[in-house]
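Peer 1: From the sequence below, what's the structure:
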Amino acid sequence: MEGIIKNIDRRTLLKGGAALGGGIIAGGTPLSQVIWAAEGKVLKAVLQYELATLDPGFYTSSYEVNVMNCLYSKLTRYKPGSEWGWELEEAEEMEQVDPTHIRFRLKKGIEFTGGYGELTAKDVKFSFERIIKHKYWTAEELGPLDHVELEDDHTGVIVFKTPHVPVWTITFPYATGYIVSEQAVMKATKDAGNFGMNPPAFSGPYVLAEWKQNQYTLLTRNPEWSGPKPGFDEIRIVPITDINTAERAYLAGDVDFATISLDSLPTFKSNPPPDTKVEVHPSLRTIWLGMNMDNPKLKDTNVRKAIQWAVNVPQILETAYAGQANVSTGHIAPGIIGHREKALVPPEGDLVKAKEFLDKSSVSKLQLTLDCDNSGIPGIIAQTIQAQLSQVGITVQVNAQDPSSFGTIGQESEGDRWKDMQLFIRNDSSVPDPSYNMGGSTRAQVGIWNWERFRSDRFDKLEAKANTIQDPKERAKLYYEMQDLLEESGAYRFLTNGATLVVYRTTKMQAATRPDGVPLYLDFKPASA
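Peer 2: A predicted model of the protein is given here:
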């Protein structure tokens, strides 16, 4: 294998990444001005994203899900801890009647705020069917859900067109499983559309008390909540998109829970801050270099394969993660059904092969753009790839932008930017089912989440079939082939699943997370508890 990057200084890249950072610092507001004097039991945390909506049917980021967990009720929820699992939340009973019918019975006495009454089976029906009606991308998480039949005020049957295995790992416990008030949403929107950052009613342990864009989100106890009392009187969340800035906020004592860079792990292990617990969790995220196959400069498969083989993944991980992250083999992380043992292109790549593929194409003096968000790590990855591709004569211009802007660059509904997009770094969240990431590469997702604009009838057939198969081993075989198809297209260079490094102040809290380190604020407890 050839190709060692010369003269790439990690600290220089980190400085560049930090300069690209967003959140309240970039917004021009000193952090100290948005930190309140604590009164009562207060949870202060960093969120690496600025909220765009708190409507579960139209959410834009997994970070919004972290907040919505506190505001709305679901039938089921993920269990905190080191093992993936789910448990009943506001459902009293859940029964798989047959492969396409699931009966639920709600607990009684769950009230919506604002005088909108008790949460009923009719609200469950409305919450699911409004997503299907609007045909937003979140409908993919519902799979082939067709409708909900009502039996009485608290009982209903969820009907699927075909069997859908991910219903227990995605549909119910994740974002689209939240239940909203039909009466409140219809009054606020008229057409059951996106209510954005103005939720008309809440049914969870907290309510949204205040939100200031790029400054903070304040949650306070819901006085009408009749369920188990959460541990904190308030949850105060500060959006800091740059991970290095988040670390500084933690060290300064401005927040008590944060996700920080893996680059800091050796320091935090050898010399941890006072009263701090450091936890490293295996991540389900999938981070990859994507290529827009419809862009004229990337239509030639040989060009795409040249880029694949020119990228040296271990070098990227050393530069961006101080060697602390894994080499991914595809869209499916270790421990999840369908994880491949190895990718088709070796992690180190091969510059000789890369040049051979370029020679097969008619391209010379290739100049490309590489888009990424400016949250820190993606920018470092992009700059490393820029240096690697220069070794085979490909000139790359890195375009880093705010996460909210980058998050729509490949979506046709947001304009024509997708036409000019060429290379990009995707850093996507996931949940414990392979369908979550794999479903984003179907033909139906072209121009939505399929930014590579990859199209394969075989892939689509396998994706649909995989969701109906109960046997894990048989299901996994389909996902192996699907990831091979993605990689063979040349439009994907899988990089890493990363890892999640969280820190929290033990004098303030006992933190609780999913197995992948995503915080479950409702399960946090004060240190004195």
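Peer 1: any idea of the pLDDT on the residue positioned nearest the centre of the chain?
Peer 2: With distances taken as CA atoms, centre = their mean, the residue of the chain nearest its centroid is Ser429 (2.5 Å). On the pLDDT scale, Ser429 is placed at 87.
Peer 1: Leaving out sequence neighbours, find the closest residue to it.
Peer 2: Leaving aside its chain neighbours, Ser429 sits nearest to Ser62 (3.7 Å; criterion: CB to CB, 6 or more residues apart in numbering). From N, CA and C alone the C-beta is placed, and that goes for glycine too.
Peer 1: What is the neighbour count of that neighbour?
Peer 2: If you count neighbours by other CB atoms under 10 Å, Ser62 ends up with 17.
Peer 1: got a list of contacts for the helix or strand where Lys44 lies?
Peer 2: According to DSSP states H and E, Lys44 maps onto strand 42-47. Contacts to strand 42-47, defined as CB atoms under 8 Å, 6 or more residues apart in numbering, come from residues 35-36, 38, 63, 66-67, 217, 231-240, 246, 249-250, 254-259, 508-509, 519, 521, 524.
Peer 1: Recalculate using a threshold of 7 Å.
Peer 2: 63, 66, 232-240, 246, 249, 255-259, 509, 519, 521, 524 (CB atoms under 7 Å, 6 or more residues apart in numbering).
Peer 1: So which bits of stretch 304-324 are buried?
Peer 2: Within stretch 304-324, the residues scored as buried using 16 or more other CB atoms under 10 Å are 304-313, 315-322, 324.
Peer 1: neighbours of Asp254, just the number please.
Peer 2: The number of residues near Asp254, taken as other CB under 10 Å, comes to 18.
Peer 1: and if you look at the one 3 residues further on?
Peer 2: Around Phe257 sit 22 other residues, with neighbours defined as other CB under 10 Å.
Peer 1: Then Ser270?
Peer 2: Neighbour tally, Ser270, other CB under 10 Å: 7.
Peer 1: cool, and Gly57?
Peer 2: Quick note: Gly57 (other CB under 10 Å) scores 25 neighbours.
Peer 1: for the nearest residue to it once chain neighbours are set aside, helix, strand, or coil?
Peer 2: Using CB to CB, 6+ apart and skipping residues adjacent in sequence, the residue nearest Gly57 is Ile131, 4.5 Å away. The assignment at Ile131 comes out as helix when based on DSSP: H, G, I helix; E, B strand; the rest coil.
Peer 1: Correct me if wrong: Ile131 contacts Tyr59.
Peer 2: No. Using CB atoms under 7 Å, Ile131 is not in contact with Tyr59, being 10.4 Å away.
Peer 1: Need the overlap of contacts for these two.
Peer 2: In contact with both Ile131 and Tyr59: Thr138, using CB under 7 Å, 6+ apart.
Peer 1: you'd agree Val280 is in a helix?
Peer 2: No. Assigned with three-state DSSP, Val280 falls outside any helix and is strand.
Peer 1: What pairs with whichever strand or helix holds Ile158, parallel or antiparallel?
Peer 2: Under the criterion of DSSP H and E, Ile158 resides in strand 155-160. Within its sheet, strand 155-160 is paired with strand 101-106 (antiparallel), strand 145-152 (antiparallel), according to DSSP bridges.
Peer 1: distance between the last one and the chain's centre?
Peer 2: Taking the mean of its C-alpha atoms, strand 145-152 sits 29 Å from the chain's own mean (CA atoms, centre = their mean, to the nearest Å).
Peer 1: And stretch 500-509, by the same measure?
Peer 2: 21 Å.
Peer 1: likewise stretch 479-487?
Peer 2: With CA atoms, centre = their mean as the basis, stretch 479-487 stands 21 Å off its chain's centre.
Peer 1: now do stretch 348-363
Peer 2: 33 Å.
Peer 1: again with stretch 306-322
Peer 2: The answer for stretch 306-322 is 22 Å, by CA atoms, centre = their mean.
Peer 1: Next, the distance between the ends of that stretch.
Peer 2: 26 Å (CA to CA, to the nearest Å).
Peer 1: Not counting that stretch itself, show me its contacts.
Peer 2: In contact with stretch 306-322 (CB under 7 Å, 6+ apart) are residues 3, 5, 8, 10, 13, 262-263, 289, 291, 323, 325, 327, 345, 347-351, 353-354, 357-358, 377, 380-381, 384-385, 388-389, 391-392, 490, 493, 495-496, 498.
Peer 1: just the buried members of the residues you listed?
Peer 2: 3, 8, 13, 262-263, 289, 291, 325, 327, 345, 347-351, 353-354, 357-358, 377, 380-381, 384-385, 388-389, 391-392, 490, 493, 495-496, 498.
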